[in-house]
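**Q** Need a 3D model of the sequence below.
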Amino acid sequence: LQSQRPKAPLNLALVIDASGSMAGEPIAAAKEAARLLAANLGADDRLSVVSFDSRVQVHVDGRRQDAAGRAAAAAAIDRLEAGSSTDLGAGWLRGCACVAEVMEKQASRPGAAGLRNRVVVLSDGQANLGIQEPDELSRHAAELRARGLLSTAVGIGESYSDTQLEAIAASGGGRLHHATLPQEIVELVLGELEELRATVIESCD
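**A** Model (predicted):
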């Protein structure tokens, strides 16, 4: 016989590049992908939405994705516009901090169901501010992975740079995806997220 445990809820941060190099089709694709990803979350899932250019902004912070949470996430994503320079490292780390805060709160609740914790970066990877050395990004990603916080990256646009994105994803326990259309991005990332929270099947006599 086989018994199934319920799928674990997600604790997800979407970190969206809103720098000047994302203007036009790239940020439109990132926003549409983020909207679709958020719409696929359930009421037990937690979502943070972070954007970055030369500064980092937290638009949604670890909110449950019930009807009100989904509406808040959609509205925040819709308001994003391309800005100035690109501090990829700061944006990613702030998304990690949002996820970590939810992890800490959950850990203090006796009997609470375990979360699956992931940061997804949507970016063209053209960082020109903050932490830019791949080795340093890789070190941070590995440390976070050891704490159970994984990172995935999606390269947006035809000429995205994979230097920093690959360092984050490879050491962060996730994958570096590339897709042109928002639906392709969503299919790739959702597949990875479903693997992350996949039902654990136990065999018994």
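**Q** For the chain, give the helix that spans the most residues.
**A** When the chain is parsed with DSSP state H, its longest helix is helix 88-107.
**Q** Can you tell me which residue sits nearest the middle of the protein?
**A** Val120 (2.1 Å; CA atoms, centre = their mean).
**Q** remind me which residues of this structure are low pLDDT?
**A** Within the chain, the segments meeting pLDDT under 70 span 1-6, 110-113, 199-205.
**Q** hang on, Ala141 packs against Ile168?
**A** Yes. Here Ala141 reaches Ile168: they are 5.1 Å apart, a contact under CB atoms under 8 Å. Heads up, the C-betas are built off the backbone N, CA and C, glycines and all.
**Q** Let me see the contact set for Glu25.
**A** Counting by CB atoms under 8 Å, 6 or more residues apart in numbering, Glu25 touches Gly157.
**Q** Repeat the analysis, applying 10 Å as the threshold.
**A** 156-158, 180 (CB atoms under 10 Å, 6 or more residues apart in numbering).
**Q** Closest to Asp17 out of these?
**A** Ile156 (6.9 Å; CB to CB).
**Q** That closest one: what's it in contact with?
**A** If a contact means CB under 10 Å, 6+ apart, then Ile156 has 16-17, 21-22, 25-30, 33, 121-125, 165, 177-180, 182, 185 as its contacts.
**Q** do you know how far it is from Leu88?
**A** Applying CB to CB, to the nearest Å, the value for Ile156 to Leu88 is 12 Å.
**Q** Spatially nearest residue to Arg145 (excluding sequence neighbours)?
**A** Spatial nearest neighbour of Arg145, excluding adjacent residues (CB to CB, 6 or more residues apart in numbering): Gly173 at 4.4 Å.
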